[in-house]
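S.K.: Predicted model and sequence below, questions to follow.
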Amino acid sequence: PAVAAKPADAAKPGGAPVKLTFIGNQSDDQQFALTAVLKEYQKTHPEIDVDFELLPFAQLFPKIQANAAAKTPTDIILTDGPNLWSFAYNGIIVPMDDVFDKAYIEKNWTPTSLATSSYRGKFYAPPQMESCSVMWFNRDMTDKAGIKPPEDLAGTWTTDQALDAWQKTNNPPQVYGIRWGQGNTPGQDYEAGILRREAGKKDSKAYKGISEDGLTISGYFDDPQAVAGMTFFHELYQKHKVSAVEGIADAWVNQRAAFFVSPDNAVGTYKRLNATFKYGASGIPYFKDGAQACHTDSWHYGLGANSQHKKEAAEFIKYLSGPAGAKVFYDRFGQLPAQLELLNTLPDYQQNPRKLLAEQFKAAGVPRIQTVGFTEYNGLMQELVGNLVAGQNLDIQQLMTALAKRTDSLTAKYKDWQTKPLP
């Protein structure tokens, strides 16, 4: 059932101690920001404590699903936006309409974040942050190579123009031309899937990525234009060799990559690791006959269906996702806020490089494919991306068609997703 708590119903300061459980994604930044927000919250709610269980990305969703199956009383679940619908369908999280009314919701968060915050008309989980990637570059390296990347959205390079720049700055194994995506693993749909969609125009099957039924990706994911986009990604590693097959930690910040496709948490990492090189940002390269795109959305705070402290957990979620909590996360991550009051008052987005990111977010931002089967889809997508990075002599059309068929088979169980009774 939906939470029947009102803000005033939350535990009063000085009440009985309550220890909430929180499961989320492991990173130094998450640990720092969550701990800092809790410390501020405890100034007015000293009775609240939180046990933060943060796991590596690959372990997080299986653990959330296992906890739900075992009815483990997890209070707060940090879910990646595209997985939210799956968690709602499966009853892992519960709606919070009684805590967040419609006016509050619309006033507080970006529309792209809200596209996944709600499922079938019910509000489930406010966002932690927003996101949109741009192409960061090491200005010291581009100046040395005689390259001037465009720093206005209208001048964004095509993929052919960008490839030329990546090749000119490529000096492996010391420096690679491009790191496409965050982290040091091959990547997933958030990063690599951009190229799959950009290869087609906005009304194309490649760009849409999924059929109108919200489940079928065959004929969309493996459309010839989508295959061309993923082939370009594969060739960055195996043909042009402008990207490192082996993982390099913080490749751009550590000056092992000249260009870097990432959200603006890249700047947060740059500052945290005390980098000193000059840098700038350019729009995400796009295919000449396609459409520019950046995937939006980020993490959301969900209320666990098996929580034993729903009122207290919901109130902490409200603080985490509100202006004060969002500011702590922005100060640490340096990533585009989803919280509108904060976003509209930050001077960083009034000047480059973040001004360009904000413009691209408005012009080209699009959520990842919206489906209750995203967890299954993204697991197979990670497998495909790993093969595209390391594999040789691949039949990419065959690989993508096989993935589409496997995904459709796994997600067929959700055929009642629009009619199944909600909690």
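M.R.: Okay, I see it. Residues are numbered from 1 along each chain as shown.
S.K.: Now do the helix or strand harbouring Gly379, average pLDDT.
M.R.: Gly379 is located in helix 374-390, with elements delineated by DSSP states H and E. Mean pLDDT, computed over helix 374-390, is 94.
S.K.: what about it, distance to the chain center?
M.R.: How far helix 374-390 lies from its chain's middle: 15 Å, per C-alpha atoms, centre = their mean, to the nearest Å.
S.K.: Quick check: next helix or strand after that helix?
M.R.: Assigned by DSSP H and E, the successor of helix 374-390 is helix 396-411.
S.K.: who does the helix or strand containing Phe260 pair up with?
M.R.: Here Phe260, judged by DSSP H and E, is contained in strand 257-262. Note on strand 257-262: by DSSP bridges, its sheet partners are strand 134-138 (antiparallel), strand 176-180 (parallel).
S.K.: Tell me which of those sits nearest to His309.
M.R.: Between His309 and these, the tightest spacing by C-beta to C-beta is seen for strand 134-138, at 40.0 Å. Quick note: C-beta positions are derived from backbone N, CA and C, even for glycine.
S.K.: contact partners of the closest one?
M.R.: 149, 162, 252, 255, 257-264, 266, 277-285, 294, 353, 356-357, 360 (C-beta atoms under 8 Å, 6 or more residues apart in numbering).
S.K.: Give the PyMOL command for selecting the buried subset of these.
M.R.: Selection command for PyMOL covering only the buried members of these, criterion 16 or more other C-beta atoms under 10 Å:
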select buried, resi 149+162+252+255+257+258+259+260+261+262+263+264+266+279+280+281+282+283+284+285+294+353+356+357+360
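S.K.: Centre-most residue in this structure?
M.R.: Closest residue to the average C-alpha location of the chain: Ser298 at 3.9 Å, with C-alpha atoms, centre = their mean.
S.K.: which residue sits closest to Leu342, ignoring its sequence neighbours?
M.R.: Spatially, and ignoring its direct neighbours in sequence, Leu342 is nearest to Ala326 (4.8 Å; C-beta to C-beta, 6 or more residues apart in numbering).
S.K.: Sticking with the one you found, tell me its helix or strand.
M.R.: Short version, using DSSP H and E: Ala326 is in helix 323-333.
S.K.: other SSEs contacting whichever helix or strand comes after that helix?
M.R.: Sequence-wise, the next helix or strand downstream of helix 323-333 (DSSP H and E) is helix 340-343. Packed against helix 340-343 by the contact rule (3 or more C-beta pairs under 8 Å, 6 or more residues apart in numbering; DSSP states H and E) you find helix 102-108, helix 323-333.
S.K.: Which one, of those, ends up nearest to Ala88?
M.R.: Nearest to Ala88, of all those, is helix 102-108, at 15.6 Å by C-beta to C-beta.
S.K.: Quick one: mean pLDDT for the closest one?
M.R.: For helix 102-108, the mean per-residue pLDDT is 96.
S.K.: Mind listing what's buried along that helix?
M.R.: For helix 102-108, by 16+ other C-beta under 10 Å, it's Ile105, Asn108.
S.K.: Mind listing residues that contact the strand holding Phe260?
M.R.: 133-138, 141-142, 145, 149, 162, 165-166, 169-170, 175-182, 191, 194, 243-244, 248, 251-252, 266, 284.
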